[in-house]
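Undergrad: Structure for this input, please:
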Amino acid sequence: MQSGENTYISSGEIERILMSQEEIDETTDRIAAEIDRDFKNYDGKVIILGILKGSVVFMGDIMRKLTIPVEIDFMKVSSYSGTLSGGRINIVLDLNRADLSESTIIIIEDIIDSGRTLSYLTEYLRINGAADVKTCTLLDKPSRREVDFTPDYVGREIPDEFVVGYGLDYCEKYRTLPFVGILSRSVYEK
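TA: Just a heads-up that it's a prediction; the model follows:
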């Protein structure tokens, strides 16, 4: 355990570390290698699409480790308020590209919970003309799934806990932690 991890655990804000920096690095190595393998002979355009804000750190690490040529873009989608998913998907920043019909989009997300957001976005991008849509998530909570959705690339399945760090937040806090930790209930049940 590194000193930054100790600080948050000793303060009581983080109950325990779920993924250390080393585990995250190994996971992003594996996912990038899987994407490289799947697209090494692909002659179309690959766009990795980050869902703001949570996926930025994860996407940055994946981008640096890919050896295939990719373009990047972003969307901002809202469905959470505090610790609860609101159920309604709001596109705050849309993808506006003329080349969707010649592009495979790999949506990069930090976490899949109910599955509604990625299920919706996958269909939305297909309806808007994307040649193909794949999904990639660092963390997956299949126990919380409310729709039939399975991501194409998964870093790790996790238990039904509220997690923060490595881009994931609680009310805009904890995004910059270099690990993924379980947020102590005392922080969000005040």
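
Undergrad: in terms of contact, does Val180 touch Ile24 like I think?
TA: Yes - assessed by Cβ atoms under 8 Å, Val180 is found in contact with Ile24 at 7.0 Å. The C-beta positions use only the backbone N, C-alpha and C, and glycine is treated the same way.

Undergrad: Mutual contacts of those two, please.
TA: Listed contacts common to Val180 and Ile24 are Leu138, Tyr166; contacts here mean Cβ atoms under 8 Å, 6 or more residues apart in numbering.

Undergrad: who has more neighbours, those two?
TA: Comparing Val180 with Ile24 by other Cβ atoms under 10 Å, the one with more neighbours is Val180, at 28 against 21.

Undergrad: tell me which element Thr34 falls in.
TA: I think there's a mix-up here, since residue 34 is Glu and not Thr. In this structure, Glu34 sits in helix 21-39 according to DSSP states H and E.

Undergrad: Check Val147 too.
TA: Per DSSP H and E, there is no helix or strand for Val147.

Undergrad: quick revisit: could you give the separation of the helix holding Glu34 from the chain centroid?
TA: Remark: helix 21-39 is offset 13 Å from the chain centroid, using Cα atoms, centre = their mean, to the nearest Å.

Undergrad: Show me what it is packed against.
TA: Contacts defined by 3 or more Cβ pairs under 8 Å, 6 or more residues apart in numbering; DSSP states H and E place helix 21-39 against helix 56-65, strand 132-140, strand 153-157.

Undergrad: Which is the succeeding secondary structure element to the lowest-mean-pLDDT helix or strand in the chain?
TA: Across the helices and strands of the chain, mean pLDDT, DSSP states H and E gives its lowest value to helix 3-10, namely a mean of 61. Moving toward the C-terminus from helix 3-10, the next helix or strand (DSSP H and E) is strand 14-19.

Undergrad: Sounds good, over and out.
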